[in-house]
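Engineer: Turn this into a structure:
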Amino acid sequence: MNVFAAAGDAWRKGRRAAFATVIGVGGSTPRTTGARMLVYEDGDIVGTIGGGEVEHRAIAAAVQAIQTGRAARVSFHLTRDLGMCCGGLMEIYIEPLQIRTPFVIFGAGHVALATAPLLLSLDFDVTVVDSRDELNNEERFPGCERHVGDPRAFATALAEDDAAHWLIVTHDHKLDQDLV
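Structural biologist: Below is the predicted model:
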């Protein structure tokens with residue numbers, strides 16, 4: 001799989017990753033400007049920027065960029081800094097892939113019906129949670145994940161995610177308070 005196809009797949013699945021792109025070279029280097037790899041949060045890669053210690057350091061920088069959400073530039077003299085025999089210089093730009101941000105709507109009434117398409121158009125990963133299957137269905141919420149069941153149980157099971165958003169607009173004020 002090429003790096004762009006892998007990045008598209010990661011974006012669709014919400015898998016955190018970063019591009020590492022060679023933006024400058026001098027002297028003898030294993031790859032030229034424009035070489036690119038995709039690095040996943042767990043350190044797995046697609047593509048290569050040349051292997052060896054330079055790639056190892058770029059993977060570590062990419063994992064850090066994924067964790068911080070900040071792009072970075074790293075430069076290495078391959079012999080002096082890394083002990084590689086190539087002898088050249090490489091500059092690498094590390095750019096975290098912007099994934100779809102989760103957005104959970106608790107409630108499948110008229111507010112959710114108006115809000116969900118807007119959120120989808122803004123590239124949020126939308127989940128609608130409501131126990132009423134006659135309202136929380138594919139016809140009313142195309143393109144959204146749906147959870148038909150107890151909203152309290154769903155909320156309790158949500159993983160911590162500082163980037164996630166929630167909108168609580170159920171049909172029951174007590175349920176809204178419980179969810180908050």
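Engineer: rest of the way, CA atoms for contacts and neighbours
Structural biologist: Noted.
Engineer: so what's Arg31 closest to, chain neighbours aside?
Structural biologist: Excluding the flanking residues, the one nearest Arg31 by C-alpha to C-alpha, 6 or more residues apart in numbering is Gly50, at 5.4 Å.
Engineer: I would like the residues contacting the longest strand along the chain, please.
Structural biologist: Longest strand in the chain, counting residues (DSSP state E): strand 17-26. In this structure, residues lying in contact with strand 17-26 by C-alpha atoms under 8 Å, 6 or more residues apart in numbering are 7, 10, 31-41, 49, 58-59, 62-63, 65-66, 88-97.
Engineer: so after that strand, what's the next helix or strand?
Structural biologist: Downstream of strand 17-26, the next assigned helix or strand under DSSP states H and E is strand 36-40.
Engineer: Please identify the pairing partners of whichever helix or strand comes after that next one and their relative orientation?
Structural biologist: Next along the chain after strand 36-40, taking DSSP H and E as the criterion, comes strand 45-47. Take DSSP bridges as the rule and strand 45-47 pairs in its sheet with strand 36-40 (antiparallel).
Engineer: on that earlier part again, dump the residue contacts of the residue nearest to Arg31.
Structural biologist: Gly50 makes contacts with Thr29, Pro30, Arg31, as judged by C-alpha under 8 Å, 6+ apart.
Engineer: low-confidence ranges in the chain?
Structural biologist: For the chain, applying pLDDT under 70 flags the ranges 1.
Engineer: quick check: longest helix of it.
Structural biologist: The longest helix of the chain (DSSP state H) is helix 52-68.
Engineer: what's it packed up against?
Structural biologist: strand 17-26, strand 36-40, strand 72-77, strand 89-96 (3 or more C-alpha pairs under 8 Å, 6 or more residues apart in numbering; DSSP states H and E).
Engineer: follow-up on the earlier one: give me the three-state assignment for the residue nearest to Arg31.
Structural biologist: The local conformation at Gly50, judged by DSSP: H, G, I helix; E, B strand; the rest coil, is coil.
Engineer: From Gly14, how far out is it?
Structural biologist: Distance, Gly50 to Gly14, by C-alpha to C-alpha, to the nearest Å: 27 Å.
Engineer: And Asp133, by the same measure?
Structural biologist: For Asp133, the distance to Gly14 - C-alpha to C-alpha - is 26 Å.
Engineer: Then Val25?
Structural biologist: Applying C-alpha to C-alpha to Val25 and Gly14 gives a distance of 32 Å.
Engineer: Same question for Val104.
Structural biologist: Applying C-alpha to C-alpha to Val104 and Gly14 gives a distance of 14 Å.
Engineer: Sounds good, over and out.
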